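J.: quick one: sequence plus predicted model below, questions after.
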Amino acid sequence: MKNFLLLSWVSVGLLITVPASFAAESDVDRLLDLLVAKKVLTQEDATTFRAELAIKKQEEKQPASVPDWVQNVKLKGDVRVRYEWDKNKGLQDNQRARIRARLGVEGKINNKLKAGIGISTGQTKDPRSRDITLGNSSSANTPGSGKDVILDYAYGQYTPSNWLNLFAGKFRNNLWQPHDVIWDNDMTPEGLGISLTHKLNSKVDLFMNNLFFILKNDSRTDKQPFLQALQPGFDWSVDKNTNLKGAFTYYIFHSIKGAQKFSDSKSGTAPYAASGNSLVGGMYKYNYNSVQSALELSFREPFHGLLPYASIFGDYIYNVSNVKTGAGGFDIGLKFGAEKVSDWKQWQAKLIYSKLGRDSWLDILTDNNRYGGDTNSKSLEAIFEFGLGKNTSLVLDYYDSQSLSKRKGTGYAPEQMLQADWNLKF
């Protein structure tokens, strides 16, 4: 009886202390087997204890739970450091160092709602550029002065189903474009966006993008310019290595003809106005209702695996608003190398030729690096990107552009530009 009581007290002490100290499993098993053999514990009690001990150990190994708001928020951003040289339409040679920094936060509110906010370097007067020139400041004429930060986007997104997305506010352009000739990549529309998708079969996905872009809100005039866009398209996996994506876009501009020309970082006067849209007394001469067709044919491991990826892309745009001349424009390009450069030694090359008639498209929306962003121009662009490591790369981008007008002189001269970028993303 004495031995039995002693064994009982020892077993109780060990059972109490084991969960805290987590003695070796073999020691615990031997003790439980001994207690069962001595009939201090039943086999069922020993099995229950082993299960509870295993759960306790697993809980101790798991990290502390992360708050819901941290799990529902995503932070992203990038920094670009640029050296830029250009001969600006025959005026002079320019060299400058520039930076672009962007920071975005996306928060999931519930299973159907999320919101996004992004800030960036840049200037409020130029919607097509987030670059800041080092040595310049809008607020002070002092070396090393602070740089401007602007609101890049702020939107709400509603996803009632996996085939429908609704955007409201200021957001990234939801229209698909194979390249940035027609729409500058930095442009963030303001208004409403709708994106619909439908899986037709195992190889074909259909989509429909819609955009309502408030171009100007001016209470001093009855003209309130805005843009509506309707873009049906498809994404077709022809086979495991071939893909074809295309879209047709119809643009309807309201209250543009006769409206005051939109301003940007340029003065809007000669020499720059020489290659932009047609004006009468500083007012737009035409409307810009346009149709656009775009295609991209891509290949994985073409030429028997000689390249990891290659694609041919292009689009055509035409202003249907009774424009007499210069109503059409197009671009065609070739891309090869890595589909996306995101790590060391990956590389990609592009070659794009573009031509835009004077009134083929509203010149406040085009890529601002091509001939100062003007229409009535043609351009050849060559890009080479090389991965320096994970999420960092070097990009060389060269433009050779000229006016479509045969006139000579300031504002019509050819323009060359070279940009060398160091990109860092997180």
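T.: That came through fine. Here the structure is a predicted model, which is why all the values come from computation and not from measurement. Residues are numbered from 1 along each chain as shown.
J.: what about the residue nearest the centre of the chain, distance to residue 118?
T.: Here the mean C-alpha position of the chain is nearest to the C-alpha of residue 172 (Cα atoms, centre = their mean), at a distance of 7.1 Å. Using Cβ to Cβ, to the nearest Å, residue 172 is found at 9 Å from residue 118. Just so you know, the C-beta spots here come from the backbone N, C-alpha and C atoms, and that holds for glycine as well.
J.: any shared contact partners between these two?
T.: Residues touching both residue 172 and residue 118 (Cβ atoms under 8 Å, 6 or more residues apart in numbering): residue 153.
J.: picking up where we left off before, just checking, the residue nearest to the centre of the chain is part of a strand?
T.: No - under DSSP: H, G, I helix; E, B strand; the rest coil, residue 172 falls outside any strand and is assigned coil.
J.: residue 72: neighbouring residues, count only.
T.: Counted by other Cβ atoms under 10 Å, the residues lying close to residue 72 total 13.
J.: ok, now the one 3 residues further on?
T.: A count of nearby residues for residue 75, using other Cβ under 10 Å, gives 10.
J.: need the contact list for it.
T.: Contacts of residue 75 (Cβ under 8 Å, 6+ apart): 103-105.
J.: try it again with 10 Å
T.: The contact partners of residue 75, taken as Cβ atoms under 10 Å, 6 or more residues apart in numbering, are 103-107, 426.
J.: distance of it relative to residue 68?
T.: 16 Å.
J.: can you select the buried ones from the contacts of residue 75 in PyMOL?
T.: The buried residues among the contacts of residue 75 can be selected in PyMOL (16 or more other Cβ atoms under 10 Å) with this line:
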select buried, resi 103+104+106
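J.: low-confidence ranges in the protein?
T.: Along the chain, segments meeting pLDDT under 70 span 1-26, 59-66, 90-91, 137-141, 219-222, 264-274, 410.
J.: for residue 28, see how far away residue 36 is.
T.: 13 Å.
J.: find residues that contact each of the two.
T.: Shared contacts of residue 36 and residue 28 (Cβ under 10 Å, 6+ apart): residue 46.
J.: buried residues in whichever strand or helix holds residue 336?
T.: Here residue 336, judged by DSSP states H and E, is contained in strand 328-337. Residues of strand 328-337 classed as buried: 328-333, 335-337 (neighbour count, 16+ other Cβ under 10 Å).
J.: next: stretch 238-252.
T.: For stretch 238-252, the neighbour count (16+ other Cβ under 10 Å) marks 243, 245-247, 249, 251 as buried.
J.: repeat for stretch 203-213
T.: Buried residues in stretch 203-213, defined by neighbour count with 16+ other Cβ under 10 Å: 205, 207-213.
J.: now do the buried residues in stretch 223-234.
T.: For stretch 223-234, using 16+ other Cβ under 10 Å, the buried residues are 225-229, 231, 233.
J.: in helices only, show me these.
T.: Using DSSP state H, no member of the buried residues of stretch 223-234 falls in helices.
J.: and those residues, which is closest to residue 392?
T.: Lowest distance from residue 392 to these (Cβ to Cβ) belongs to residue 233, with 32.4 Å.
J.: neighbouring contacts of stretch 252-259?
T.: 213, 215-216, 218, 221-230, 262, 277, 280-290, 319, 321-322, 362.
J.: beta partners for residue 229?
T.: For residue 229, the beta-bridge partners under DSSP bridges are residue 211, residue 251.
J.: helices of the stretch 51-200 of the chain, residue ranges please.
T.: All helices of the stretch 51-200 of the chain, identified by DSSP state H, counting those that start in this stretch, fall at 68-71.
J.: let me fix that, I meant to ask about the stretch 201-350 of the chain.
T.: Going by DSSP H, counting those that start in this stretch, the stretch 201-350 of the chain shows helices at 302-305.
J.: now the buried residues of strand 328-337 in JSON lines, with distance to residue 156?
T.: Formatted as JSON lines, the buried residues of strand 328-337 follow (distance: Cβ to Cβ, whole Å):
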{"residue": "328", "distance to residue 156": "37"}
{"residue": "329", "distance to residue 156": "34"}
{"residue": "330", "distance to residue 156": "36"}
{"residue": "331", "distance to residue 156": "33"}
{"residue": "332", "distance to residue 156": "37"}
{"residue": "333", "distance to residue 156": "34"}
{"residue": "335", "distance to residue 156": "34"}
{"residue": "336", "distance to residue 156": "39"}
{"residue": "337", "distance to residue 156": "37"}
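J.: tell me the one of those residues nearest residue 386?
T.: The closest of the buried residues of strand 328-337 to residue 386 turns out to be residue 337 (Cβ to Cβ; 9.3 Å).
J.: give me the nearest residue to the closest one, chain neighbours excluded.
T.: Distances taken as Cβ to Cβ, 6 or more residues apart in numbering place residue 348 nearest to residue 337, at 3.8 Å, with adjacent residues excluded.
J.: just residue 49 next, same as before
T.: Sequence neighbours aside, residue 32 is the residue nearest to residue 49 in space, at 6.5 Å (criterion: Cβ to Cβ, 6+ apart).
J.: the one you found contacts residue 52, correct?
T.: No - counting by Cβ atoms under 10 Å, residue 32 stays clear of residue 52, with 11.9 Å between them.
J.: and the two? Which one has more around it.
T.: Comparing residue 32 with residue 52 by other Cβ under 10 Å, the one with more neighbours is residue 32, at 23 against 11.
J.: just the buried positions in the helix or strand hosting that one, please.
T.: Element membership for residue 32, per DSSP H and E: helix 25-37. Neighbour counts over helix 25-37 (16+ other Cβ under 10 Å) mark 28, 31-32, 35-36 as buried.
J.: again with stretch 289-302
T.: Of all the residues in stretch 289-302, those buried under the rule 16+ other Cβ under 10 Å are 289-290, 292, 294-300, 302.
J.: what do you get for stretch 249-264?
T.: 249, 251, 253, 255-257, 259-262, 264.
J.: residue boundaries of the strands in the stretch 251-400 of the chain?
T.: 279-280, 283-284, 290-300, 309-319, 328-337, 347-356, 377-389, 392-403 (DSSP state E, counting those that start in this stretch).
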